[in-house]
Every structure is written in structure tokens, then in C-alpha cells.
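Asks: Here is the input, now give the coordinates:
(one chain, ligands or ions: 2)
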Amino acid sequence: MLARGLISRHLARAPRRVFLATRFNSSSQSGTPPPKSSRGKILIALGALAVATTVVSLSLKKSEPVSVKEPVKAGPAFSDKDVSVIFVLGGPGLGKGTQCAKLVNDKHFVHLSAGDLLREEQKREGSKYGELIAQCIKDGTIVPQEVTVALLEQAIGNEHKNGKSRFLVDGFPRKMDQAHTFEDTIVKSAFTLFFECPEQVMLERLLERGKTSGRTDDNIESIKKRFRTFVDTSMPVVDYFASQGRVVKLRCDEPVDVVYGHVVKALESRGIN
Ligand SMILES: Nc1ncnc2c1ncn2[C@@H]1O[C@H](COP(=O)(O)OP(=O)(O)OP(=O)(O)O)[C@@H](O)[C@H]1O
Ligand SMILES: O=c1ccn([C@@H]2O[C@H](COP(=O)(O)O)[C@@H](O)[C@H]2O)c(=O)[nH]1
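Replies: Residues are numbered from 1 along each chain as shown. Ligands and ions are numbered 1, 2, ... in the order given. Here you go, the predicted model:
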């Protein structure tokens with residue numbers, strides 16, 4: 001079940017600002033003049049007070065701002081020391097899910113496919129997002145990030161409660177806003193496994209899968225739209241992570257087990273056994 005609260009949290013999680021202001025009270029005044037005999041002493045005391053106030057006020061001006069406007073960021077829900085996330089990206093139908101399934105068996109990762117989570121939510125009775133998700137999937141467009149990020153946060157949270165800490169987040173992030181929101185509010189990813197694959201190979205695999213998958217997007221019209229979305233919207237995410245040195249690129253136009261050999265080596269090169 002998709003917690004509505006989680007979606008509202010992602011919508012509401014804009015940076016908050018705290019304004020701190022310092023107030024200075026003026027000293028109180030009395031209406032009755034002091035007796036003449038005490039005036040000399042009072043004048044000396046007032047003079048000393050004036051000098052002291054000037055010294056304090058000059059030192060305050062040098063070191064203390066009167067008002068501080070600092071953005072206060074809530075930060076990610078999990079530390080990357082407790083929760084390790086590898087993003088698995090690449091064009092549609094190239095075999096990401098197939099490779100993830102092998103890693104689950106061998107290396108005890110939890111596999112979270114964003115597409116699978118969306119399809120489950122679409123089918124869930126009473127979901128407010130069912131129709132929207134169905135339409136986006138058929139058109140190969142990206143479901144608004146609030147829905148997908150909330151589903152992922154919920155899934156990671158549930159698995160983490162059960163002691164799981166290594167996640168393959170497959171087919172996500174597909175858009176820049178998702179990448180930022182996920183890393184700012186859930187956890188910073190360890191790195192991205194990116195599979196390169198010629199379109200012709202993806203097309204053949206998708207059409208073959210479409211014979212039995214029952215998916216509404218494994219047909220030639222939807223596939224063309226998915227390819228376009230991948231190039232226009234999802235590749236910039238890969239380029240962004242690559243510019244930070246956080247992408248491991250692999251080829252996938254080889255038999256499943258050969259590709260898997262590359263995957264295992266890539267993980268080992270990052271200290272993951
Ligand atoms: N290396 C491979 N060689 C040949 N066929 C493969 C290979 N890897 C996966 N396949 C087949 O290609 C099809 C798509 O694979 P899979 O579902 O794993 O792709 P995906 O990248 O997860 O797809 P999507 O982008 O839709 O999530 C499946 O029918 C799968 O059996
Ligand atoms: O982050 C995401 C991931 C997926 N979608 C939508 O789902 C389909 C199918 O995704 P697969 O990874 O191929 O299972 C995708 O074309 C998008 O429409 C999404 O919106 N956001």
C-alpha cells in the first residue's frame with residue numbers, strides 16, 4: 001500500500017528557513033529626579049556605563065550578525081553507512097531485471113524495480129494513482145516523481161526494518177528531479193551500474209518478451225516512445241552521475257552469464273563481494 005503521508009512528505013519537503021533575530025531592550029527610565037547631593041556620583045556612574053556600552057556594542061558589531069538566515073535541510077532518511085543503494089540503469093528491455101535477479105541469488109541484494117512497484121500500485125484497489133500510472137506506462141513517459149520516490153522509500157524502509165541493507169534500485173532514477181529527490185531525502189547512492197546496449201538488441205529482446213509478458217508497453221508503438229524518453233530524459237541522469245565519477249559502464253549485448261561475469265567484476269572492483 002502506498003502511504004499517502006509519504007507522498008505529502010515529498011511534496012512538502014522544501015527547504016525550511018529559520019530566522020533568528022536579536023533584540024536589544026532600552027533601559028527603563030524613572031520620572032523622579034535624584035537628590036542634588038547624589039548627582040555627582042550618578043553622573044560619574046552614568047559616564048562609566050556609557051563607555052562600557054560603547055565597548056560592548058563595538059565588539060558585537062565586529063563579531064555578531066543581527067539576523068541569521070540559514071537554510072535548514074532535513075537530510076536523507078538513511079545514512080549510506082546503514083543502507084547501500086546501487087542504481088541499475090540502461091535502456092528499456094536490455095536485461096537489467098535479469099541481472100538483478102542473479103545478484104539477489106548470489107549476493108543477497110534486495111531488488112527493487114521501480115517499474116514493478118509502479119505496476120503493483122497501479123493494480124492496488126483504491127489507488128488514486130492507478131490511471132495515471134497506467135497511462136504513463138503505455139506512453140513510455142515518467143510518472144511524477146512523488147509517487148515513485150514514495151514507493152521506493154516505503155519499500156526500502158520495510159526491508160530495512162527486516163534487517164536488509166543492500167539494495168539494487170532498478171530502472172530508477174529516470175529523470176533528474178528523481179535523482180536529486182531520492183539522494184536528498186532517502187539515501188545517497190553508492191554508484192550506478194549502467195548497461196550500454198544497441199537499440200536493435202533492446203528491440204528484439206522487448207518484442208520477444210512481449211509475446212508472453214502481458215505488458216501494455218511491450219509493443220512497437222510503446223517501445224519507440226520508451227526509447228525516446230530514455231534518450232531525452234534518462235540519459236542526462238547517467239551523464240550527471242558520470243560527471244561525478246559515480247558510474248560503472250557495462251555492455252550487455254552478450255549472453256546472460258557473460259554479462260553477469262562483467263557485473264560481478266564491476267562490483268568487486270568497488271569492494272562488493
Ligand atoms: N543477455 C541477454 N541475452 C538475451 N536475452 C536476454 C539477456 N538478458 C535478458 N534477456 C531477455 O530480454 C528480455 C528483457 O529482459 P529484462 O526483463 O531483464 O529487461 P529489463 O532491462 O529489466 O526491462 P525493463 O527495462 O522493461 O525493465 C527478457 O525476455 C530476458 O529474458
Ligand atoms: O522511475 C520510474 C520507473 C518506471 N516508470 C514507468 O514505468 C515504465 C516501465 O518501467 P520498466 O523499468 O521498464 O519496468 C516506464 O516506461 C515508465 O513509464 C516511471 O515512470 N518512473
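
Asks: so which residue of the stretch 151-273 of the chain comes closest to ligand 2?
Replies: Proximity of the stretch 151-273 of the chain to ligand 2 (Cβ to the nearest ligand atom) peaks at residue 171, 3.1 Å away. No exception for glycine: its C-beta is placed from N, CA and C like everyone else's.

Asks: got a list of what that residue touches?
Replies: By Cβ atoms under 8 Å, 6 or more residues apart in numbering, the contact set of residue 171 is 88, 89, 96, 113, 114, 115.

Asks: can you check residue 205 too?
Replies: Contacts of residue 205 (Cβ under 8 Å, 6+ apart): 93, 94, 95.

Asks: Report the closest residue of this structure relative to ligand 2.
Replies: residue 115 (2.0 Å).

Asks: That residue belongs to a helix?
Replies: Yes: counting by DSSP: H, G, I helix; E, B strand; the rest coil, residue 115 is part of a helix.

Asks: ok so, going back, of the contacts of residue 205, which is the nearest to ligand 1?
Replies: Comparing the contacts of residue 205 against ligand 1 with Cβ to the nearest ligand atom places residue 95 closest, at 2.7 Å.

Asks: Around ligand 1, pick out the residues from the stretch 101-250 of the chain.
Replies: Counting by Cβ under 6 Å from any ligand atom, the stretch 101-250 of the chain comes close to ligand 1 at 115, 171, 205, 208, 209.

Asks: Quick check, pLDDT for the first one.
Replies: Residue 115 carries a pLDDT score of 98 in this model.

Asks: Under a three-state scheme, what state does residue 97 occupy?
Replies: Applying three-state DSSP: residue 97 is helix.

Asks: Pretty sure it sits against residue 113.
Replies: Yes: with contact defined as Cβ atoms under 8 Å, residue 97 counts as touching residue 113 (6.0 Å).

Asks: what is in contact with those two at once?
Replies: Common contacts of residue 97 and residue 113 (Cβ under 8 Å, 6+ apart): residue 170.

Asks: what's the closest of the residues of the stretch 101-250 of the chain next to ligand 1 to residue 255?
Replies: Distance to residue 255 across these (Cβ to Cβ) is lowest for residue 205, with 12.3 Å.

Asks: Quick one, grab the pLDDT at the closest one.
Replies: Turning to residue 205, the model gives it a pLDDT of 98.

Asks: So which bits of whichever strand or helix holds it are buried?
Replies: Per DSSP states H and E, residue 205 falls inside helix 199-213. Buried residues in helix 199-213, counted by 16 or more other Cβ atoms under 10 Å: 201, 202, 203, 205, 206, 210.

Asks: wait, which of those residues is closest to residue 181?
Replies: So of the buried residues of helix 199-213, ranked by how close each gets to residue 181 (Cβ to Cβ), first place is residue 202, at 27.2 Å.

Asks: which stretches of the stretch 51-200 of the chain aren't confidently modelled?
Replies: For the stretch 51-200 of the chain, applying pLDDT under 70 flags the ranges 51-73.

Asks: center of this protein, which residue is that?
Replies: residue 182 (1.3 Å; Cα atoms, centre = their mean).

Asks: isn't residue 148 right next to residue 175, touching?
Replies: No: at 9.3 Å, residue 148 and residue 175 do not qualify as touching, with contact defined as Cβ under 8 Å.

Asks: Lovely, talk soon.
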